[in-house]
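1. Need coordinates for the following:
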Amino acid sequence: MTSKHAPRSANPVDVHVGARVRLRRQIMKMSQEKLGDQLGVTFQQVQKYERGTNRVGASRLWRLSQVLEVPVSFFFEGMTNQIEAGEFSENDQMPIVYDFINSSDGVALAKAVSQITNKAVRRQILELARSLAKDSAEKTD
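-> Prediction:
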């Protein structure tokens, strides 16, 4: 028997949560296998969570927050901005930000910035990055 439905694509919220799981796991230098052991799942299941292929249930999200030592809200940070900017819809492809977050540069930058305790300094780094991006875009136009 064949299915009448095409395989469903990952929900953008699940992809976002998964990217945040991967980011935090990499910042902590934890393997997928070790995270899976602490959650009671296989490393393949962790991979599916990180890609957004499989949804993370509420109790598992709670356990993830404990293992990764972050509040549950950490996994949703940045989503509001994407929704307001119109970047989130059911049919969107994965935004470029996820590719960057999953790169070694993205992880290294996130780790370095997260170690800065002064909120004003973190804000200045953000403004510097925005300025550099704007300059770069203007030079290519």
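2. quick one: what helix or strand has the residue sitting nearest the centre point of the chain in it?
-> Taking Cα atoms, centre = their mean, the centroid of the chain lies closest to Ala19, which sits 2.4 Å from it. For Ala19, the host element (DSSP states H and E) is helix 12-27.
3. who's in contact with the next helix or strand after that helix?
-> Sequence-wise, the next helix or strand downstream of helix 12-27 (DSSP H and E) is helix 32-39. Residues from elsewhere that reach helix 32-39, judged by Cβ atoms under 8 Å, 6 or more residues apart in numbering: Arg25, Thr42, Phe43, Gln45, Val46, Gln47, Glu50, Arg60, Arg63, Leu64, Val67, Leu68. Every residue, glycine included, has its C-beta placed from N, CA and C.
4. 10 Å instead, please
-> For helix 32-39, the external contacting residues (Cβ atoms under 10 Å, 6 or more residues apart in numbering) are 21-22, 24-26, 28, 30-31, 41-47, 49-50, 56, 60, 63-64, 66-68.
5. ok so, going back, and the helix holding Ala19, average pLDDT?
-> Mean pLDDT, helix 12-27: 90.
6. relative orientation of it and helix 32-39 in degrees?
-> Taking axes from the mean of the first three to the mean of the last three Cα atoms, to 10 degrees, one finds helix 12-27 and helix 32-39 inclined to each other by 110 degrees.
7. Helix 12-27 packs against which elements?
-> Using 3 or more Cβ pairs under 10 Å, 6 or more residues apart in numbering; DSSP states H and E, the elements in contact with helix 12-27 are helix 32-39, helix 43-51, helix 58-67, helix 79-84, helix 96-101, helix 104-114.
8. on that earlier part again, what separation is there between the residue nearest to the centre of the chain and Lys134?
-> 24 Å (Cβ to Cβ, to the nearest Å).
9. Sounds good, over and out.
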